[in-house]
Structures are given as C-alpha cells and as structure tokens.
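> what follows is a predicted structure for the sequence shown.
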Amino acid sequence: MLQLLTFLVEKFSLLSKFKLFESSWLDGEEWGRPAQRGPPPHLRRGDLLEVPRTIFTHYGIYLGDNKVAHLIPDILPVFTSDNKLISTVITNKRLIIGCVYKSATVRVDTLEDFAYGSSILVNRMDKTAKALPFSNETVAKRAEQLIGAFPYSLLWSNCEHFVTYCRYGCATSRQTEKFCEFLKSIIRDQRSAIASGLLGVVSMVCYGMALSTTLPTVLIPFTLWMAS
C-alpha cells in the first residue's frame, strides 16, 4: 500500500508540472524568456508563428497582410453553414468542443484573432528542426493549398503537424512526443500494474464477480506488468 501511495504521489506531482501540449523545441532557458506582447515586428510571409492557448501551444503560418493560416478545431461548422458566423474568432470553448468532436479546418484569420491576446513567437523551430525550412514563399503557398476542411486528431493531426508539414515537409509534433513519453513512463512503471490490480479488486468487491469486472482485473494488470 505504501508503494502504491508513493507511485500516485509521484505521478500526480509529475502531471501538475507537465504542461501537456507545450512546445519544447528549444531548451528551457530560451523558452523562459518573456515574449513581447502584441504582434512581433517585421513578420515575413511564410513565417511559423506560435502562441500559448488553453492547455497547448497553437501554431500557424503567416501569409502576409496581417493574415495567418492555421489548423484549428471548431464545433460551429457542425451546427451551421453561416460563413459570417463561422468566420468570427474561435473562442476557447468552441475550440475545445471542436477538438473533442474532431471537427477542424485550416482557416485564415487576422493576426490578432490568431494570437487571441497572447504573445507571438516566430520561427523557433528552425533552430532545432531536423530539416531545413523551405523558402518562405513556398511555405505560404503550401499552407494556402490546404485551406478548408481538414482531418483532425489531437495527437496525430494537429496544428503543429500542419505547420511542420508546410515549413519542413514532414508533419511532426513535439507536443505529441512529450505526451507519449509521459504515458510510456506510466506504463513502464511496475507500480501501474499494482495500482490497476487494486482498482480491479475494488470494482469486484463493489459490483460483484462478473466477466465485466474479473476480466479487466486480470488482463490489465498482467499487460502492464509484462510491459514494464
């Protein structure tokens, strides 16, 4: 029991410090520098922009003339075809519900609507990306070709995949990698098997011996134990 409590404390502590979808393309010192409020000066068409939004970092490609192309979830197109209503700035609530429903588009918004009141960082990935960026004009054209409805997955096809595909030709996401590393650390910890086994026993005590309680109680701890 003491081992289980230690495990839970460790994981909750890690989760509280772990910003699930925060970018980590640069080292901690670079990330810790305070950014200037408002749009950065001298933006060029094809620049890769990033801003913090809700629980993750949001990305877009600057198209010039104060416009940004970005892949963003939105629930509103599911309920209406009114383009005037859909084109309004996507609130965090619309974004999160759209993310759950997997409804998203590559759309063009103003720089201000894209930033949503946050600081903007420019081309940070260039310093650590494995591939060299395309020319800025090529990046912008690649983004423009993808404008419209787009398949969305929080982990496998998100806004970071969109911008890295446009700028480097390879769709990747450091935010997804960080999340998968976190899950792997839990799965590979033997205490996960102990914790799942105890939870299974509790469910059997509360709901009785049945296939729906006994089978998970055996299979889940066994699978976690073999994977650890």
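The structure has been received and is ready for your questions.
> which stretches of this structure have low pLDDT?
For the chain, the stretches with pLDDT under 70 are 1-41, 224-225, 227-228.
> for the one helix or strand T138 maps to, buried residues please.
Assigned by DSSP states H and E, T138 falls within helix 136-145. By 16 or more other C-beta atoms under 10 Å, the buried positions in helix 136-145 come out as 136, 139-143. (Glycine included, C-beta is placed from N, CA and C.)
> let me have those in JSON lines, extended by distance to I220.
Shown next, in JSON lines, are the buried residues of helix 136-145 (distance: C-beta to C-beta, whole Å):
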{"residue": "N136", "distance to I220": "50"}
{"residue": "V139", "distance to I220": "45"}
{"residue": "A140", "distance to I220": "48"}
{"residue": "K141", "distance to I220": "49"}
{"residue": "R142", "distance to I220": "43"}
{"residue": "A143", "distance to I220": "43"}
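> what's the angle between the longest strand seen in the chain and helix 136-145?
With secondary structure taken from DSSP state E, the chain has its longest strand at strand 56-64. If you take axes from the mean of the first three to the mean of the last three C-alpha atoms, to 10 degrees, strand 56-64 sits at 110 degrees to helix 136-145.
> list of residues touching the very next helix or strand once past strand 56-64?
Scanning forward in sequence from strand 56-64 by DSSP H and E, the next helix or strand is strand 67-73. Outside strand 67-73, the residues that touch it by C-beta atoms under 8 Å, 6 or more residues apart in numbering are 49, 58-63, 90, 95-99, 101-111, 114, 140, 143-144, 146-147, 150, 152, 158-159, 161-163.
> now stretch 199-217
197, 218, 220-221.
> how distant is it from the center of its chain?
Distance of stretch 199-217 from its chain centroid, counting by C-alpha atoms, centre = their mean, to the nearest Å, is 34 Å.
> need the distance between the two termini of it.
8 Å (C-alpha to C-alpha, to the nearest Å).
> about what we covered before: other SSEs contacting the helix holding T138?
Applying 3 or more C-beta pairs under 8 Å, 6 or more residues apart in numbering; DSSP states H and E, one finds that helix 136-145 contacts strand 56-64, strand 67-73, helix 159-168.
> how about a cut-off of 10 Å?
Using 3 or more C-beta pairs under 10 Å, 6 or more residues apart in numbering; DSSP states H and E, the elements in contact with helix 136-145 are strand 48-53, strand 56-64, strand 67-73, strand 104-110, helix 159-168.
> domains in the chain, as residue ranges please.
For the chain, automatic domain parsing gives the domain ranges 2-11+181-227, 20-176.
> and those domains, which is most packed in?
With neighbours taken as mean count of other C-beta atoms under 10 Å, these reach their highest mean count in domain 20-176, at a mean of 17.
> returning to what we had before: relative to strand 48-53, how tilted is the longest strand of the chain?
140 degrees.
> tell me what angle strand 56-64 forms with strand 104-110.
Counting by the same axes, to 10 degrees, strand 56-64 points 60 degrees away from the direction of strand 104-110.
> now strand 56-64 and helix 159-168, what's the angle there?
Strand 56-64 runs at 40 degrees relative to helix 159-168, counting by the same axes, to 10 degrees.
> just the CA atoms of strand 56-64, as CSV, please.
This file holds the C-alpha atoms of strand 56-64, laid out as CSV (Å, rounded to 0.1, in the frame of the first residue of the first chain):
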residue,chain,number,x,y,z
PHE,A,56,-1.5,23.7,-25.5
THR,A,57,0.7,25.8,-27.8
HIS,A,58,-1.1,26.8,-31.0
TYR,A,59,0.7,27.2,-34.4
GLY,A,60,0.1,29.0,-37.7
ILE,A,61,1.7,30.2,-40.9
TYR,A,62,1.9,33.9,-41.6
LEU,A,63,0.5,34.7,-45.1
GLY,A,64,1.3,38.4,-45.1
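> kind regards, and thank you for your time.
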